[in-house]
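>>> Need a 3D model of the following:
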Amino acid sequence: MISEAQARVIIDEQLKDSGWDLTNPNNVSLETTVDEYRLDYLLKDKNGHPLAVLEAKKPGDDLRKHDAKTKKYAEKIKVDLIFLANSEKIYFWDLKQSSYPYEIKSFYSQIDLERKTSLRKNSKEIKSIQIDKKITDRKYQIDCIEKISDKIENGEKSFLVEMATGTGKTRLAISLINRLFKANRINKVLYVCDRFNLVDQTDKNFQKFITDQSSYILNSKGLKDEKSIIISTIQTFIRQYDSISSGYFDLIIIDECHRSIYGKYRKSLDRFDSIKIGLTATPCKYDNDNENSEDVKSIKDTLKFFELDEPTFTYDLKQGIKEKFLVPYLIYKAKTIKTSDDEGISINKDEIDWNKINEKDKKNIENLFDKKDKAIIPHTWLERKITIPKRNYSIVNEFLDVMENGYSDNGTIKRPIFGKTIVFAVTQSHAITLAKLMDKNIKSRINNENTSERIADFVVSDQNNEYSSDAKTKIDNFIKKKNPKVLVSVGMLDTGFDCPEVTNILFARFTKSNILYRQMRGRGCRPSEVFDKKNFWIFDFVGNTTFHGDKEEGDGGVVVVKEPKEKKYNKKGLIEIDVEDWIDPSSREIIDIDDDGTVIRPKEDKILGDKIYFKCEEWLNKQKNMNLEKEKFCKIVGEYVRSNINDIKQIEISDFTYPPFTNLRRSPEEVFGGEKNLSVFLENFNKEIISGIR
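Here you go, the predicted model:
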């Protein structure tokens, strides 16, 4: 255990990390005496006026027991802000806002303290500011804003808004932000988007509806302190959040929050002492579900992050359809003969081209046959390890048959509108295949034209944390232009994508995740101002709607079923998919594809370096009892590995004899409390991070 004097050396470093100049008495006064009181630190504004007091103690000392004494110090010099620190933890206390001090992740910077003080002096009652009906005018949106406004007035800081896709979550958030700005409750806002393709759209909405505040999209060039609203993905943000203090943001909005904060990167948002509002289209319920499913874990983690037992406000799909803000849907089910059996796909040996299979897969398939002429191939392999070309032809032709002729339901012909169509595919190869088939058949069967313009196109997400200009152009064309009418997607259009002219959703990809299923389904539910969109159609060729129990009583959809007549079989369970059907923010990258279908990849060392960065953030998020000094050291190690990615196979203690480690106030052994503990850290780091990405 180190002494209080040694703890102050670390506290000094923590203050410097937040931008404080301890050599300038107009910034920080040390050991200041006021009457009978001695203040360890007095933090001041740029003019030398007191802003906050800081009480320092040795590690292990429960800082909260010193609150009454420190409060007297603050009252004596007429400030309302208090910090308590022991080198391992930092507590903050706003005497006018909270009854007790609470833990934060860093000291506020001087400018952040000045901003907070100014806001508090000039704040207005939130409800004295009228909600701008040009931004939000629907009753449920106004009810939500009023409810959150009341709770903010009562000192609450965490909120979760659950609203169905298409009901205006972004508009609601902008309207609330506008109100809080006008009430002088906020000065800096972070808006976290779920996908790279949503940041432009969100920024345009801010510029359209909040003209007296400046917004910008965060990129590698860094933060723009002169602007009020930052729009970013979590992947971009975690590269830069260490450079700002816990007090930088007054409000953080997390869109599609169950994905953005899911498990791995919540530490980057936990760092900030601000109001936090999560937006989600996913019902936060998990009764009667598998406790170990990714959906349940995601929902529990989301509620835990916001420290809530249930959402603050809910408006579901059924309400939206009933009140005519969303359109209902019809479900058209069909399966091919080969894929209709839930046990798997029956394959004859002579149906396989063995020359096109690699040795590893060849052995696996031979084991499945087990010296027999027939085998059951797992559905898992479809479009990943095997493909049935005629199945893809059948899916496309079945869809276009219904587009042309409608479907007879007990003598009544039901006809879909061939507006815009989104197809959800399994892989890049699958997406390209379906797009080409759609393009060729639409031109020959429906349009009767031969043109080089693509009527069907594809857009794919993979593993890079960037949004390619080609992908953006394709999505923009899909929304704004006549063609493409069909866009085949892998991981790009399932969340946050807004195109009211979508009249058809085609599932060629199975998903276990009810969260993801609802998101994909929601792409079609927005009403259109261009034509009379009474409903949209879901074409289900993989059993998603059956698996997720989608039916009229539950969600307002009309169900039409077409099962294959050629083969009868006994259902023995649902299709088993072994892979998790989630897009991990840490593993994304955009594949740029030229006109010939050639993949243009970024440099391998950059990809590897990025993996190290995200893996470190993931690993740190899992650690328990990690104090501030250890956390800072771990990040230095991660950056060291990332910068020398081609030269380092693992970290050794000998690495710490070189910069940047030689510039630290305390040695790594001191930080971890001995060489044995340091060795345990290194063993974990090498195993979980370095070995884990190679």
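
>>> Please parse the protein into its domains.
4-112, 126-320, 327-338+388-587, 346-381, 604-693 (automatic domain parsing).

>>> Relative to Glu683, how far out is Phe614?
According to Cβ to Cβ, to the nearest Å, Phe614 and Glu683 sit 21 Å apart. Using the backbone N, CA and C atoms, a C-beta is placed for each residue, glycine as well.

>>> Comparing those two, which shows the higher neighbour count?
Between Phe614 and Glu683, counted using other Cβ atoms under 10 Å, the more crowded position is Phe614 (23 against 12).

>>> Remind me which helix or strand the more buried one belongs to.
Applying DSSP states H and E as the criterion places Phe614 in helix 604-622.

>>> Over to Glu629?
Using DSSP H and E, Glu629 falls in helix 628-643.

>>> Buried residues of that helix, list them for me.
Using 16 or more other Cβ atoms under 10 Å as the test for burial, helix 628-643 gives Leu628, Glu629, Lys630, Lys632, Phe633, Cys634, Val637, Gly638, Glu639, Tyr640, Val641, Arg642.

>>> circling back to that earlier point, out of the domains of the chain, which is closest to Ser118?
Closest to Ser118 of those is domain 126-320 (Cβ to Cβ; 7.9 Å).

>>> For the chain, give me the ranges with low pLDDT.
1, 258-263, 284-293, 356, 380, 447-450, 462-469, 496, 551-607, 692-694 (pLDDT under 70).

>>> could you pull out the strands for the stretch 451-600 of the chain?
Under the criterion DSSP state E, counting those that start in this stretch, the stretch 451-600 of the chain carries strands at the ranges 456-460, 486-490, 502-507, 536-540, 558-561, 592-593, 599-600.

>>> tell me what the third one is packed against?
Helices and strands touching strand 502-507, by 3 or more Cβ pairs under 8 Å, 6 or more residues apart in numbering; DSSP states H and E, are helix 389-405, strand 420-424, helix 514-521, strand 536-540.

>>> can you rerun that using 6 Å?
Where contact means 3 or more Cβ pairs under 6 Å, 6 or more residues apart in numbering; DSSP states H and E, strand 502-507 is packed against strand 420-424, strand 536-540.

>>> Now the element after the one helix or strand Thr314 maps to, going C-ward?
In the assignment (DSSP H and E), Thr314 maps to strand 313-315. Going down the chain from strand 313-315, the next helix or strand is helix 317-322, by DSSP H and E.

>>> Let me know the next secondary structure element after that following helix.
strand 329-333.

>>> In PDB, list the C-alpha atoms belonging to that following strand.
Provided in PDB are the C-alpha atoms of strand 329-333 (Å, rounded to 0.1, in the frame of the first residue of the first chain):
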ATOM      1  CA  TYR A 329     -47.500  -6.600 -43.800                       C
ATOM      2  CA  LEU A 330     -48.200  -9.900 -45.500                       C
ATOM      3  CA  ILE A 331     -45.900 -13.000 -45.200                       C
ATOM      4  CA  TYR A 332     -45.400 -15.200 -48.100                       C
ATOM      5  CA  LYS A 333     -43.600 -18.500 -47.200                       C
END
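
>>> Pull up the pairing partners for it, direction included.
In the sheet, strand 329-333 lines up against strand 536-540 (parallel), strand 558-561 (parallel) (DSSP bridges).

>>> now the longest one and strand 420-424, what's the angle there?
Relative orientation of strand 536-540 versus strand 420-424 (axes from the mean of the first three to the mean of the last three Cα atoms, to 10 degrees): 30 degrees.

>>> chain center to strand 536-540: distance?
A distance of 27 Å separates the centroid of the chain from that of strand 536-540, by Cα atoms, centre = their mean, to the nearest Å.

>>> so what's Cys144 up against?
Listed by Cβ atoms under 6 Å, 6 or more residues apart in numbering, the contact set of Cys144 reads Phe313.

>>> same deal with Ile347?
Ile347 touches Ala375, Ile377, counting by Cβ under 6 Å, 6+ apart.

>>> Please tell me how far Lys139 sits from Ala183.
22 Å.

>>> just to revisit the earlier point, would you reformat the helices and strands packed on strand 502-507 as JSON lines and include mean neighbour count and distance to Asp61?
Compiled in JSON lines, those are given as follows (neighbours: other Cβ atoms under 10 Å; distance: least, Cβ to Cβ, whole Å):
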{"stretch": "strand 420-424", "mean neighbour count": "25", "distance to Asp61": "56"}
{"stretch": "strand 536-540", "mean neighbour count": "25", "distance to Asp61": "60"}
